[in-house]
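A.B. asks: Give me a 3D structure for the following:
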Amino acid sequence: MEIEPFELERFFARFEHDADVMLAESGIQSRDTAEFDTDPGDLGYVIPTGGDPSFRERVGARYDRSREEVLFTCGAQEANFVTFAALMGEHAVTVTPTYQSLQAVPDAFGEVTTVDLEPPTWELDIDAVQSALRPETAVLVVNNPNNPTGRYLSAETVQALYDIAADNGTYLLCDEVYRLLAEEPLPPVASMGEYGVSTSSVTKAHGLAGCRFGWVAGPREVIDAAAGWKDYTTISPSSFGQHVARQAIEREAELLAEHRAQAAAHRERVGEFLAAHGLTWHEPTGVNGFPTIPDGFASGRSFCETLVREESVLLGPGDAFGHPDRFRIGFGLATDQLEEGLSRLDAFLARHG
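C.D. replies: Got it, this is the predicted structure:
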């Protein structure tokens, strides 16, 4: 088994420790531990290792699923990994651009066909997806809202994806980590029927990246198989993460109201900034956008590398998502940090204009 290097993470590893402003962060601003009871008691394994049954029941209810149809994991990254390990046979189809693991992990287990969203509005051609499916396709993969573009596929589009997957005997796996940042979130894919699988976490929408707490919800046979793989990864979710995540879910309405308001204000601010500099994006849902690079730079990578070296502001190069003419910007960070980052980016663009 071989897997491609994770280009975005390797880029971040080179620069993020020393950068003053992380303007490529993909989640909402992190909450402070002072808001939560941070004493989970015994720091042993979570028992049962799939997660606390009463908490799984509460999470499962949002998917119209039982607690046996939910598995708690160490973040959505592990949820995706163990689910791919459980589901993959010979072939998968992944909608791109996307978070690299949603393509690279299934590709490490089998063969992946990609179907591209079409810029500049990142539309999805359902007929192209249909054509990419094969009789042996095990899983169709989508990230909605999308990272990096911020495109939120419509309910009609997601239903069409589910229908063609189900008709083919293929699971539809949707990474929904940004779903609850939408003002009107779509129903989760795991609630759509026997072929629907959803992964998520408290990282992006709840501002709890450090908890490393996520889950997968779906049919019992998928959850049982994913749990079998999880026995070989982390065994159980973090007891600390589960303890804090439970409190966040209890306060979810309050937290999401704050985070959606912050995302909306920052989205407007960044949109105005980009327009003033002649850069374009598809207005995103969530806290990521995927603008075009400024004139005068050969690629998004050269733009991002020059910016971080000159201004200590880190953006994400678009080639990490297969689009070298773009870059990823994140606007979920604190307002003062966002303004500082944009101020430095403004000075940088003025020098290189």
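A.B. asks: show me where the chain has helices.
C.D. replies: 7-15, 53-61, 75-87, 101-109, 126-132, 155-167, 220-230, 239-250, 252-276, 300-311, 335-352 (DSSP state H).
A.B. asks: Output the shortest one as CSV, nothing but the C-alphas.
C.D. replies: This means helix 126-132. As requested, the backbone C-alpha atoms of helix 126-132 are provided in CSV (Å, rounded to 0.1, in the frame of the first residue of the first chain):
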residue,chain,number,x,y,z
ILE,A,126,-24.2,14.8,-12.9
ASP,A,127,-23.9,13.0,-16.3
ALA,A,128,-20.1,13.0,-15.9
VAL,A,129,-20.5,11.4,-12.5
GLN,A,130,-22.9,8.8,-14.0
SER,A,131,-20.4,8.0,-16.7
ALA,A,132,-17.5,7.6,-14.2
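A.B. asks: which parts of that helix are buried?
C.D. replies: Neighbour-count burial for helix 126-132 flags Val129, Gln130, Ala132 (criterion: 16 or more other CB atoms under 10 Å). Bear in mind the C-beta positions are built from the backbone N, C-alpha and C, glycine included.
A.B. asks: which of the helices of the chain sits most buried?
C.D. replies: Neighbour counts (mean count of other CB atoms under 10 Å) averaged over each of the helices of the chain peak at helix 75-87, with a mean of 25.
A.B. asks: For that helix, report the contacting residues that lie outside it.
C.D. replies: Outside helix 75-87, the residues that touch it by CB atoms under 8 Å, 6 or more residues apart in numbering are 71, 73, 92, 101-102, 105-106, 109, 138-139, 171, 173, 175, 177, 197, 199-201, 203, 212-216, 218, 222, 225-230, 233-234.
A.B. asks: Can you report how many residues neighbour the residue nearest to Pro106 when sequence neighbours are not counted?
C.D. replies: Distances taken as CB to CB, 6 or more residues apart in numbering place Ala92 nearest to Pro106, at 4.1 Å, with adjacent residues excluded. Using other CB atoms under 10 Å, Ala92 is surrounded by 31 other residues.
A.B. asks: For the spatially most central residue of the chain, list the residues it contacts.
C.D. replies: By CA atoms, centre = their mean, the chain has its centre lying nearest to Val177, at 4.9 Å. Val177 is in contact with Ala76, Asn147, Thr199, Ser200, Ser201, Thr203, Lys204, Ala205, Gly214, counting by CB under 8 Å, 6+ apart.
A.B. asks: now the residues you listed as JSON lines including distance to Pro187?
C.D. replies: Listed next are those as JSON lines, based on distance: CB to CB, whole Å:
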{"residue": "Ala76", "distance to Pro187": "18"}
{"residue": "Asn147", "distance to Pro187": "20"}
{"residue": "Thr199", "distance to Pro187": "15"}
{"residue": "Ser200", "distance to Pro187": "13"}
{"residue": "Ser201", "distance to Pro187": "18"}
{"residue": "Thr203", "distance to Pro187": "21"}
{"residue": "Lys204", "distance to Pro187": "18"}
{"residue": "Ala205", "distance to Pro187": "16"}
{"residue": "Gly214", "distance to Pro187": "19"}
